[in-house]
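Enquirer: Here you go, sequence then predicted model.
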Amino acid sequence: MDRIGFVFPGQGSQKVGMGLDLAGEHPDLVGPYYRTADEILGLPLSRLCWEGPAEALRDTSVTQPAIFLTSLCTWQALRPRGLAPDVVAGHSLGEYTALVAAGVLDWTDALRLVRLRGTLMAAVNERVPGAMAAILGLPLEDVEGICAQAATGTGQIVEIANDNEPAQVVVSGQEEAVQWVMAAAKDAGARRAVALEVGAPFHCSLMSGIEDEFAAALDAVEFRDPSVEIISSVTAAPVTTADEARTVLKRQLTGRVRWTDTVLRMSDAGVGRFIEIGPGKVLGGLCRRIVPGTQVYATFDSRQCASTLDALAFAAGG
């Protein structure tokens, strides 16, 4: 039988109301996580997840712990049903949730790290306003060439941030350069070039100024060797030791998300059933386009969790 892969989403999957129904249906399972997170961060994170406002959830210093916590609680709600992964991976921020699921990080340490990660990234955007855009319908190599031309033409930074699937590449950098790439991509035959509503220019060298501070925070946290197979979206390769896990998180700030290669690596490892754990269903769509014919399942609310468990024959108490 095909192996099961859990994939954990990153920013862009947030939605007001996320996790509310799971918290209502499983108060003993997930309630303590929400209460503890609120206490640790000194922030009404549970209320922001459940009630918003949406503007607050777009602040990357809130978005990151909010998505992390929702995905974590979704996983906790599924565990008593016997659903467990053979392989895990996470897209950008989702890599922290994957590392918790693999036993590498304690969830409270990961929560503090993603809050700091978001706060530092937001500060970068205040100093050097940036932007991100999705380029649809051009090969990665073509977009790389356009980025190089834009950087030369504008004197600004613009780089590949995410290789999401064969027909979707995300670029990140300074605003003028990103606009240059969008226009040039359309001229080159891109199906669409879409500006993304994000809180900072993620996964590019503009983040290099926060590397040292964040590395110190990572070095202060205990990492363990994985107890579940995990593929890093930074390297698209297995993470086998605690030191490797810490290193990929350091590289992740400025490095691209190699999601296409990550999903292909999971497929090569025998994963034929991909379950997106947490809010949204973006990763499932990407997985389906990267590996046509693969089975994809979502867990973005309690009804969808039940449907996924039923489809996978993990009945209540089974």
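Expert: Perfect, thanks for sending it.
Enquirer: any idea which element the residue nearest in space to the middle of the chain lies in?
Expert: Closest to where the C-alpha atoms of the chain average out (CA atoms, centre = their mean) is G10, at 2.3 Å. Using DSSP states H and E, G10 maps to neither a helix nor a strand.
Enquirer: Equivalent analysis for K186, please.
Expert: Secondary structure assignment for K186, by DSSP H and E: helix 175-187.
Enquirer: Which other helices and strands does that helix contact?
Expert: strand 130-136, helix 140-154, strand 158-165, strand 168-174, strand 192-195 (3 or more CB pairs under 8 Å, 6 or more residues apart in numbering; DSSP states H and E). (Each C-beta comes from the backbone N, C-alpha and C, glycine too.)
Enquirer: Any buried residues in it, and which?
Expert: 175, 177-182, 184-185 (16 or more other CB atoms under 10 Å).
Enquirer: thought the residue nearest to the centre of the chain was touching I67?
Expert: Yes - G10 is within contact range of I67, at 6.9 Å (criterion: CB atoms under 8 Å).
Enquirer: Identify the contacts common to these two.
Expert: Shared contacts of G10 and I67, defined by CB atoms under 8 Å, 6 or more residues apart in numbering, comprise 93-94.
Enquirer: Strand 130-136 and the lengthiest helix in the chain, what's the angle between them?
Expert: Secondary structure of the chain per DSSP state H: the longest helix is helix 107-127. With axes from the mean of the first three to the mean of the last three CA atoms, to 10 degrees defining the directions, helix 107-127 sits at 100 degrees from strand 130-136.
Enquirer: Centre of the chain to helix 107-127, how far?
Expert: Centroid separation for helix 107-127 versus its chain: 14 Å, with CA atoms, centre = their mean, to the nearest Å.
Enquirer: What lies in contact with it?
Expert: Helix 107-127 is contacted from outside by 33, 36-37, 40-41, 43, 59-65, 68-69, 72, 93, 96-97, 99-100, 105, 130, 199-202, 206-207, 209-210, 213-214, 217-218, 221-222, 249, 253, using CB under 8 Å, 6+ apart.
Enquirer: let's see 6 Å
Expert: Outside helix 107-127, the residues within contact range by CB atoms under 6 Å, 6 or more residues apart in numbering are 37, 41, 60-61, 64-65, 68, 72, 96, 100, 199-200, 207, 210, 214, 217, 221.
Enquirer: Just the buried residues from these, in ChimeraX please.
Expert: In ChimeraX syntax, the buried subset of the contacts of helix 107-127 is picked out as below (16+ other CB under 10 Å):
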select :37,41,60,61,64,65,68,72,96,100,199,200,207,210,214
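Enquirer: Just the ones in strands from the contacts of helix 107-127, please.
Expert: Secondary structure from DSSP state E places none of these in strands.
Enquirer: will you turn the buried residues of helix 175-187 into JSON lines that also has pLDDT and distance to L78?
Expert: As requested, those are exported to JSON lines (pLDDT from 0 to 100; distance: CB to CB, whole Å):
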{"residue": "E175", "pLDDT": "96", "distance to L78": "41"}
{"residue": "A177", "pLDDT": "98", "distance to L78": "42"}
{"residue": "V178", "pLDDT": "98", "distance to L78": "38"}
{"residue": "Q179", "pLDDT": "98", "distance to L78": "42"}
{"residue": "W180", "pLDDT": "98", "distance to L78": "44"}
{"residue": "V181", "pLDDT": "99", "distance to L78": "39"}
{"residue": "M182", "pLDDT": "98", "distance to L78": "39"}
{"residue": "A184", "pLDDT": "98", "distance to L78": "44"}
{"residue": "A185", "pLDDT": "98", "distance to L78": "39"}
